[in-house]
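Enquirer: quick one: sequence plus predicted model below, questions after.
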Amino acid sequence: MDDVQIVRLGYRSLAAHLKGKSDAATNGLSADAVLLHASILETCCLHILHFFTQRSTFIARTLVEQSQQLDELTRKIDQLIARTPSPADAPFEQRYTRYVAKKYRELTIFGLDLSDSPDRWPLDVAYLSLNATADSTSAVPLHLPAEQALASNDRVLLRGVAGSGKTTLVQWLAVSAAKKKMQESSLYLHGLVPFVLPLRTLTREGKGLPTPAEFLSAIRCPLSGSEPTGWADRVLSSERGLLLVDGIDEVPEDERNGARDWLQDLIAAFPNNRWLVTSRPSAVRGEWLSADGFTELDLVPMSRDDVASFINRWHEAAGASDTYTRSLLKAVWGKQDLGRLATNPLMCGLICALHRDRRGYLPDGRKELYDAALSMLLSRRDRERGIQKPGVIRIGEAHQIQLLQKLAYWMIRNGRSEMSRVNAVELVALALPGMPQVADQANAERVYRHLLVRSGVIREPSTETVDFVHRSFQDYLGARAAVEGIDFGLLAKNAHLDQWEDVIRMSVAHARPKERADFLETLIDFGDQRAGDAQRLHLLAAACLEHATELDPAIRSAVQQRAAALIPPRSREQARALSEVGPFVLELLPGPQGLSDDEAFYTVVCAVRIGTDAAISVLSQYRHLFDMRVKTELVHAWSRFDTRRYAEAVISHLNGDDLYFPVSNAEELHALGQLGGRSHVQAAGTFSMDDFNRAGDAKLLTHLRLSPERGDTLDWIAGLRRLRTVVLDSAYSQVDVSPLAKSKSLRAIRIQHGLTLVGADLLPSHVRIVSDELDA
């Protein structure tokens, strides 16, 4: 031992240690002598320790060792604290999750506030499950419910066009994780703590993106500052975080790499949490986050069944009669232009509100829809509510649009999706001298309040900020301001930036014929001169054609020629971009002859995304290809088109032992039966054995793929006499398969990884259960 170790023992422990090393020291001594020996030994040890502690070198050495011990002790305590939740964590977490559940529990449904109905809808009633799709090289199924994307993938990048439901999905996930009582479809979120991180808010003031400790303050959560120190860090360190990063596209393009660096740093520090990042499709290139382990998915446009469900639920919530519902459904299915617009929840809400407000009359184009929607919001809204009374500020529709478009254009020019309330009031103040009819009634603050409370177009996400209820209205109004200001040079200069895409399209719609022609000519010239931006600019010009009500034929031809040069598409991004151009692309898409497998597949993807019945003739040309990706895309597209026409032109020519034919309603099931049935069927709706027997599908059915909902029973399957294999990919954690014990033909059950089968012990021994990751 050295002196420091001896002193640390103390004189009694040192004496005991020495005695233990020499048991023979007291041999032959009497009992009294042994006691005396022990006393003398302790006394000697006391003097030894005193001697050591008086030496000059001892104090210095002791201080060094004590410092090292304190450092080690501090490090271990810090590790223990990081692993051990603070006693205050659980109570705060309960407060926080209650706040999240309350804040995001309702949706604003466009147009519902024009009647006596409330303008907000309970999320559990309003939420419409949409599908997401992955590229065929992905390990996940080709199609899956969007809310289940995180069930089998810890990191997901979800792309969707404006109004497709990305933010609504974020709300659903946040509320589902925050609820104490969870639905079976969201059990995989149990125990996770949601952090909703809208990037439009986080980047508004140009500050750096937040660390976990700053999450609550950055989103202006009212509980910020009351959380226990280090709470967010402990949540993420314990791998319980659900990080919902909404709106990469709302970050200015030159700041997106910084946003990705921020994400990568967070993931490196807290790798095993769940992450959902959303964006418009054009904002991030393919595989933008794939190197960081993200699965990239695209929201699929609403199917015919989805549209019908939305329209029915909207009218039910609004208290509208069935006559309006039936009339609108007939119009949507009967008018191709209208049906093509009704592909996402925002546009469906617009169409429902306008159809009811105008007693069945609907405008045709996208610009006309926005024109009518703004007119309805800005003028008829208050008249319906009887608010036009003496003493109340009266601002005409034209003046309100002028003021709102100034706010919209400021946000667009500054690359923002929200602005400070102070700046908004200042912009109103700058505009009032040119509007004496408004200025005579009130000051800028009161006019701003009027726009906020009465227009229904802007809102305050916090007491300090203002934004538009949807980015689409911002783009529409900003484009109008740009055209009125003859800012075509600025528009062309920014046309290569994805944040300006919808602004460019709406600008073409607002422009006069000569302005429109000159502007589109400038766009294609820029594309010719800039090799790196050629594809984007030429496709953008082509996408503008559907908004060009009158255009010089030479300019139209030049735009179409450049779009044709980009056909066939060679990637999912190109297919998506081409589909945005509109139905005229269908005339340019080639048949499969001479195309590679990838070119053929992405041509089919493009035609499916365009979604009008005019695409059926294009898709029918690809029905004989052997590529399973093409076949799968074709069968999953059935719900996008007229059931019988698509069945005759495409479905009737498709078959294959491994190709599952999806049916979501009785009409599709009957149509499949009329074609003689198929051996492999995917039942995406609720059916019975009688449904299959009546449709004539049971006679060939050997493989059935199901996604059982909560409470669904599998009793009816046992009566399918030729059924050999059942494939289960339920969103719920458990499925009761005990009814399948009655089946005499069943030989195998394939289940998604992680799915628990209840009653599997009752199955006959010859029924195999195979657990795997289902492919398409």
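Expert: Perfect, I can see it now. Everything quoted here is computed from the prediction, not taken from an experiment.

Enquirer: buried ones in stretch 282-289?
Expert: 282, 283, 284, 288, 289 (16 or more other C-beta atoms under 10 Å). Every C-beta, even on glycine, is put in place using the N, C-alpha and C of the backbone.

Enquirer: could these go into TSV alongside pLDDT?
Expert: What follows is the buried residues of stretch 282-289, written out as TSV (pLDDT from 0 to 100):
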residue	pLDDT
282	72
283	74
284	76
288	83
289	85
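
Enquirer: just those residues now: which is nearest residue 366?
Expert: The shortest approach to residue 366 among the buried residues of stretch 282-289 belongs to residue 282, at 17.1 Å (C-beta to C-beta).

Enquirer: tell me the contacts of the spatially most central residue of the chain?
Expert: For the chain, the residue nearest the mean C-alpha position is residue 166 (4.0 Å; C-alpha atoms, centre = their mean). Residues near residue 166 by C-beta atoms under 8 Å, 6 or more residues apart in numbering: 158, 160, 246, 247, 278, 279, 299.

Enquirer: quick check: nearest residue in space to the second one, chain neighbours excluded?
Expert: Nearest in space to residue 160, with sequence neighbours left out and distances taken as C-beta to C-beta, 6 or more residues apart in numbering, is residue 299 at 3.5 Å.

Enquirer: please, where are all the helices along the stretch 151-300 of the chain?
Expert: Applying DSSP state H, counting those that start in this stretch to the stretch 151-300 of the chain gives helices spanning 166-178, 199-202, 215-218, 231-237, 256-269.

Enquirer: what's the closest of those to residue 348?
Expert: Judged by C-beta to C-beta, the one of these that comes nearest to residue 348 is helix 166-178, at 12.4 Å.

Enquirer: can I get the CA coordinates of that closest one in CSV?
Expert: Provided in CSV are the C-alpha atoms of helix 166-178 (Å, rounded to 0.1, in the frame of the first residue of the first chain):
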residue,chain,number,x,y,z
LYS,A,166,-49.7,15.8,-44.8
THR,A,167,-50.3,18.1,-41.8
THR,A,168,-53.6,16.3,-41.0
LEU,A,169,-51.6,13.1,-40.7
VAL,A,170,-49.1,14.8,-38.4
GLN,A,171,-52.0,15.8,-36.2
TRP,A,172,-53.4,12.3,-36.2
LEU,A,173,-50.1,10.8,-35.2
ALA,A,174,-49.5,13.4,-32.4
VAL,A,175,-53.0,12.9,-30.9
SER,A,176,-52.8,9.1,-31.2
ALA,A,177,-49.5,9.1,-29.3
ALA,A,178,-50.8,11.5,-26.7
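
Enquirer: follow-up on the earlier one: can I get the contacts of residue 166 in TSV with pLDDT, neighbour count and distance to residue 601?
Expert: As requested, the contacts of residue 166 are exported to TSV (pLDDT from 0 to 100; neighbours: other C-beta atoms under 10 Å; distance: C-beta to C-beta, whole Å):
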residue	pLDDT	neighbour count	distance to residue 601
158	90	24	22
160	85	24	21
246	91	24	31
247	87	23	30
278	92	26	26
279	89	25	23
299	86	22	20
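
Enquirer: for residue 398, see how far away the residue nearest to residue 160 is.
Expert: Remark: distance between residue 299 and residue 398 (C-beta to C-beta, to the nearest Å) = 36 Å.

Enquirer: one step back: dig out what the residue nearest to residue 160 forms beta bridges with.
Expert: residue 132 (DSSP bridges).

Enquirer: quick check: it touching residue 132?
Expert: Yes - taking C-beta atoms under 8 Å as the definition, residue 299 is a contact partner of residue 132 at 5.6 Å.

Enquirer: what do the two both touch?
Expert: Common neighbours of residue 299 and residue 132 (criterion: C-beta under 8 Å, 6+ apart): 146, 158.

Enquirer: contacts only, for residue 643.
Expert: 304, 667, 668, 671.

Enquirer: TSV please, covering those residues and showing secondary structure and neighbour count.
Expert: Listed next are the contacts of residue 643 as TSV, based on DSSP: H, G, I helix; E, B strand; the rest coil; neighbours: other C-beta atoms under 10 Å:
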residue	secondary structure	neighbour count
304	helix	23
667	helix	15
668	helix	24
671	helix	21
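
Enquirer: for residue 610, which non-adjacent residue is closest in space?
Expert: Distances taken as C-beta to C-beta, 6+ apart put residue 579 closest to residue 610, at 5.0 Å, once the chain neighbours are dropped.

Enquirer: try residue 264
Expert: Per C-beta to C-beta, 6+ apart, closest to residue 264 is residue 292, 5.9 Å.

Enquirer: burial measure for the residue nearest to residue 610, as a count.
Expert: Using other C-beta atoms under 10 Å, residue 579 has 22 other residues around it.

Enquirer: same thing with the one 10 residues further on?
Expert: Applying other C-beta under 10 Å, we find 21 other residues in the vicinity of residue 589.

Enquirer: quick one: strands adjacent to whichever strand or helix holds residue 419?
Expert: Residue 419 belongs to strand 418-420 when assigned by DSSP states H and E. Using DSSP bridges, strand 418-420 pairs in its sheet with strand 465-468 (antiparallel).

Enquirer: now the strand it pairs with: average pLDDT?
Expert: Strand 465-468 comes out with an average pLDDT of 88.

Enquirer: buried stuff in it?
Expert: Buried, per 16+ other C-beta under 10 Å, within strand 465-468: 465, 466, 467, 468.

Enquirer: what of stretch 555-574?
Expert: Buried, per 16+ other C-beta under 10 Å, within stretch 555-574: 555-556, 558-560, 562-563, 566-570, 572-574.

Enquirer: repeat that for stretch 158-172.
Expert: Buried-residue list, stretch 158-172, by 16+ other C-beta under 10 Å: 158-172.

Enquirer: and residue 386, what pLDDT?
Expert: The score at residue 386 is 46. That number is its pLDDT.
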